[in-house]
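# test case, fold it:
(4 chains)
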Amino acid sequence: MKMFEYMGKEIFSKYGLKVPKGRMVNNSEDAAFIAKDIGGAVVIKSQVLSGKRGKAGGIKFADNPEQAKAAAQEIFEMTVQGHAVEILLIEEKLKIDKEFYLAITIDLAAKRPVIIASIKGGMDIEEVAEDYIIKEQIDVELGMQSFIASDIVRRMGVTLNSPLGKELVRTIRTLYRIFVEIDAELVEINPLVISGDKVIAADSKITIDDAALYRQIELPRVEERTVVEKTAHDLGLSFVELNGDIGVMANGAGITMGTLDTITYYGGKSANFLDAGGGTGEEGTAKALELILSRNPKAIVINIFGGITRCDDVARALASVKKNIGIPVPVVVRLVGTNQEAGRAILKEVGIEAYDFMQDAIKKVVELSR
Amino acid sequence: MKMFEYMGKEIFSKYGLKVPKGRMVNNSEDAAFIAKDIGGAVVIKSQVLSGKRGKAGGIKFADNPEQAKAAAQEIFEMTVQGHAVEILLIEEKLKIDKEFYLAITIDLAAKRPVIIASIKGGMDIEEVAEDYIIKEQIDVELGMQSFIASDIVRRMGVTLNSPLGKELVRTIRTLYRIFVEIDAELVEINPLVISGDKVIAADSKITIDDAALYRQIELPRVEERTVVEKTAHDLGLSFVELNGDIGVMANGAGITMGTLDTITYYGGKSANFLDAGGGTGEEGTAKALELILSRNPKAIVINIFGGITRCDDVARALASVKKNIGIPVPVVVRLVGTNQEAGRAILKEVGIEAYDFMQDAIKKVVELSR
Amino acid sequence: MAIIIDETTNVLVQGISGKQGFFHTKQMLTYGSKVIAGTSPGKGGTTIEGIPVYDSVRAAIEKHRIDASVVFVPATMAKDAALEALAAGIKVVVVVTEHIPVHDEMAIVAYAKRVNSIVIGPNTFGIVSSGKCKIGIPPNQFFIPGPVGVVARSGTLTYEIVGNLTAQNIGQSTVVGMGGDRVVGLTFVDVLKKFEQDPETKVVVLIGEIGGFAEEEASQYIKEMTKPVVAYIAGKSAPQGKQMGHAGAIIERGKGTYEGKVKALTEAGAKIVELPFEVPGIIKELLLKL
Amino acid sequence: MAIIIDETTNVLVQGISGKQGFFHTKQMLTYGSKVIAGTSPGKGGTTIEGIPVYDSVRAAIEKHRIDASVVFVPATMAKDAALEALAAGIKVVVVVTEHIPVHDEMAIVAYAKRVNSIVIGPNTFGIVSSGKCKIGIPPNQFFIPGPVGVVARSGTLTYEIVGNLTAQNIGQSTVVGMGGDRVVGLTFVDVLKKFEQDPETKVVVLIGEIGGFAEEEASQYIKEMTKPVVAYIAGKSAPQGKQMGHAGAIIERGKGTYEGKVKALTEAGAKIVELPFEVPGIIKELLLKL
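Next up, the predicted model:
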């Protein structure tokens, strides 16, 4: 789950990291009011989950409340990378000496958290040369000891035991504590602004592990899925919309990807990725079919290799949708595995002949989608 | 640093462990008042650091406020194992189904914390057969995981997943957290009272690692040293009063023990154990001598093998005490090591001839103490 | 022979009284696995399907030699269960449970490394040494003994490929599901090394997918292998997974794509199949050449 | 030969700019130890007594081969310093600092075990391989090369005994101070095993004291040793140390007394001396017999 910038900053602030003075607003009148309250120049930042707000015009500066109101008005009227803007964060404009970069994520190859730091922070961090990127894996049993943070600061070229060095050590240690305690997959500060001896998180990008949300009850919830994707998620299905015309359902992420690969191979185009794996029952399967139909595909392929998934459940779901709602497009089914015979018998009753091999079924559906 | 029972119970309570309803009082009037407030039968417990209050009469029961007042009066007038009683803890009398024992300390051989649990808690835990004592060492890097506490409860013969079993798991995990977070050397609950499904800490015995007090700023401080021992401690000396008549000073715990052993071997009796090791300078050494003199020994032996300790510092200290305060008893000195020659020259000026070997010096001082 | 588990492996089921644990215990017994004990806190002393149930792993260990355990407990308690098995000295721990928080997974993997045990999963279908022992959840009928070692990241795709092999009467030495989560106990290299040393395994099928570096790492080792490796990488035309911000980009630096993986594997000498159902044909060819 | 450290050992001083670190760096250099680097956060790039100073252990490791480090930083930061040295892969870490919290000591010892390194101390005078390398704080003049291995819990008592040996021209192979604290990195057994294998060491002196079980444990191994062991246990007539409540009593069950230790050591074949200055005489006898 991605979090909005202002939510991340609230967390930082709670843990004692410095963030710019600021407030959220949802209209331009309030933007002017807050700008006046903050005093001096301000930054107006659209709160969207996209990573490139600045380049898309979603961040503006203003020298006084009137300018702030105008800038806010402008941002509210735009979309940032396809997202409508509902909330703005109005913040003091910082005196910036340097912009650093600091993040913690998971190094999947090492199976450990990794600290990433750079003294070349700012907008184009991905373009910074490897020489300026410091990476430090953390042994989770040892944890973030003081010496680890100190050595990162040393490698950043900042004098240890100086006020700035000490503040950076504290910032790194605190960020690691946040990373662990909120079950984050990513915490990122870019830029980490150096202003004299002060170290200020001028931005925040946080992603929480969805699997851990059950124990992160104090964190706010953010929904970034489309309505259809959310419906699928609530049904325990993994669903992504694509641009083609063949509706796809399979059971398991790997076999779903394999189905997509085969469709492409035979010259077809998939309308969606729908993984109904892990024991989705009859009702879930029926809902999955309805989801696929709602996207108006030209044809549908169902590719089931039943392990936990039972073929008769899938067949019953298909039969009931056909009877109750009707399926206006051709459906091609491949059905093998657990309770295969029962499933095929049910399908036969509604006039569907199941295939044995996925390649045959997919060849067929691609033909039908032409 | 040992803590009073009521202090330990305040810590338990802060961490969510159940303790009996109760209040501290420092006079018998208040005892009656609190007993009335609690209602029903109460226990009156003297707050002293000795381990055997019950047997010494320091714990009494009362059925009503009048009895409570009388019992309190009686305890205030007694000493419990040599300790005057200044504070009483007045508590509700618990309905006791069973008395368990639960403690965490450090297993020195394993160099790890160890949980000790028994279903035969109460006054005579030391007499309980090994078969009824459960010990479980904790891997400090793994920490107190749920399964560890569960297995201890299983070994105690309590049904897991029962309300009592769950409460015991929680109690063990919480006690470990306390043990770590307050830098304890010992946390002990005896008895841990089982009352229905409730688990109540009916007593507390906690010892904090003195070396960690600097970071345990929120813990209350308890002083159990004698005035002389405290003076020594404040000077950075390790001092214990003994019953003999030969004052002893040496530099280092091992060599001080060796000096005591040798005095005993030659038939003498040591008046004290005074370790002035670890670079005690001239002033500290002078104070140490004054401390020894304050105990009126018949003779004094100083056994210095100077490493960090400098022989000239020791000699100067001895000379200045001799000049300024006077030393009314014979002083025998063994002085070798760092700056040995300078030290001996200083001693010669005040008429003291230093020995080369500890055995010769100690033989002499034992003679002089006769 | 086979790798990791075989006909002598004594299996403990953690969470044996749950719906999943109960169902798959029966399936594993049917397959012939030596499931000899289960755990379920508070149910110690009872039996399920004739299998003695204990309150804790240690209680089971006091009575039985346990070589492997399989974790069927819910995600909220799975870390504790896995650590319990590892702390008790069990050398192979199969974690079937899905949706375990990734921080918990890192903790499990770190501790397993320290105590020198193998963790399969989390979020795995398990491991099958065909005809000898199955630990996990795959359907019994598709696994028959033979010369093919299979190692995979995802489940149903493995059944697809193994099922096709079995349909053509090509059996498997051991089929290992490393687990579909981002952090799992084994790497492809760990498993490939074991296949390389296993006399029964003649050829290896690697079933990978886009994202991560597991296949690129595997390529380094495949170069040194004497046994042929056939690889299928799923997701050539699948949507990109979510990326971990700039930090992810810095770490990945363009790795993890279909093209990158295929290039690395090809250069290492692996045979790439473009579609999953092409595996049996190539395997047959390779086996005929041996 | 010698144990743990010798003339090839490159030494790093952690906290080289502090009063203690500075003083003892000079002393170690005078003794002939190869002190080749020091650390002091914020002072990287300077030199002290001609020794280059670095901001961190890793910075030093980038420039030098370091075989051992010695920690002179204050107690509040000693755990971090010891872990830093261990994490950097240094195989011998001598922690001189005293008054380190016991929970910190347990953490240091646990991590050292995991990374398979030796921790000497905390609260130790250090280690001397006489004539080759001294790491720690003992006075230089009392340590001369020879056939006696010495292992001790306390410092000045060791100087007393080693000084008496040296006065009689009996040198030492290596003198190890395990540290005076309750939780330290080495056990007597760890050190005795090394002496048993060291060709230079002909006889061993064990200097113990009352409390704990270290000497009782040592007895178990002394039974197997081929080299003679002379033991002095301090504290026959010393006051009892404080005891850890009932829990301590349950753990100890009467162990830790002078009588118990002497009995165990005697039964194991060690020669007990009743007073510290009796050591040289017995050693002389033993050496003549060899």
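
# stretch A:323-331 - what's its average pLDDT?
The predicted model assigns stretch A:323-331 a mean pLDDT of 90.

# first-to-last residue distance for that stretch?
14 Å (Cα to Cα, to the nearest Å).

# ok, the closest residue to chain D within the stretch 1-150 of chain C - how many residues close by?
Per Cβ to the nearest Cβ, C:R114 is where the stretch 1-150 of chain C lies closest to chain D, at 6.3 Å. The C-beta positions use only the backbone N, C-alpha and C, and glycine is treated the same way. Using other Cβ atoms under 10 Å in any protein chain shown, C:R114 is surrounded by 15 other residues.

# who's in contact with it?
A:E141, B:E141, D:R114 (Cβ atoms under 8 Å, 6 or more residues apart in numbering or on different chains).

# then A:L89?
Neighbours of A:L89 in contact, by Cβ under 8 Å, 6+ apart: A:E5, A:Y6, A:K9, A:G22, A:R23, A:M24, A:I44, A:K45, A:Q47.

# skipping its backbone neighbours, what lies nearest the last one in space?
Looking back up the chat, that one is A:Q47. A:I87 (4.2 Å; Cβ to Cβ, 6 or more residues apart in numbering or on different chains).

# avg pLDDT for the lengthiest strand in chain A?
In chain A, with assignment by DSSP state E, the single longest strand is strand A:184-195. The average pLDDT within strand A:184-195 is 96.

# go through that strand and flag the buried ones.
A:A184, A:E185, A:L186, A:V187, A:E188, A:I189, A:N190, A:P191, A:L192, A:V193, A:I194 (16 or more other Cβ atoms under 10 Å in any protein chain shown).

# shaky segments in the stretch 251-370 of chain A?
Within the stretch 251-370 of chain A, the ranges that satisfy pLDDT under 70 run A:278-279.

# which stretches of it form helices?
A:253-265, A:282-293, A:311-324, A:340-349, A:358-368 (DSSP state H, counting those that start in this stretch).

# out of those helices, which one sits most buried?
helix A:253-265 (a mean of 26; mean count of other Cβ atoms under 10 Å in any protein chain shown).

# kindly export it (C-alpha atoms) in PDB.
Presented in PDB, the C-alpha positions along helix A:253-265 are these (Å, rounded to 0.1, in the frame of the first residue of the first chain):
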ATOM      1  CA  ALA A 253       0.100 -16.400 -11.100                       C
ATOM      2  CA  GLY A 254       2.600 -18.500 -13.000                       C
ATOM      3  CA  ILE A 255       0.000 -20.300 -15.200                       C
ATOM      4  CA  THR A 256      -1.800 -17.000 -15.800                       C
ATOM      5  CA  MET A 257       1.400 -15.500 -17.100                       C
ATOM      6  CA  GLY A 258       2.000 -18.600 -19.200                       C
ATOM      7  CA  THR A 259      -1.500 -18.200 -20.700                       C
ATOM      8  CA  LEU A 260      -0.800 -14.600 -21.600                       C
ATOM      9  CA  ASP A 261       2.500 -15.600 -23.100                       C
ATOM     10  CA  THR A 262       0.800 -18.300 -25.200                       C
ATOM     11  CA  ILE A 263      -2.000 -15.900 -26.400                       C
ATOM     12  CA  THR A 264       0.700 -13.400 -27.500                       C
ATOM     13  CA  TYR A 265       2.600 -16.300 -29.200                       C
END
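
# which other helices and strands contact that helix?
Counting contacts by 3 or more Cβ pairs under 8 Å, 6 or more residues apart in numbering or on different chains; DSSP states H and E, helix A:253-265 is packed against strand A:246-250, strand A:272-275, strand A:299-306, helix A:358-368, helix C:155-167, strand C:203-209, strand C:229-234.
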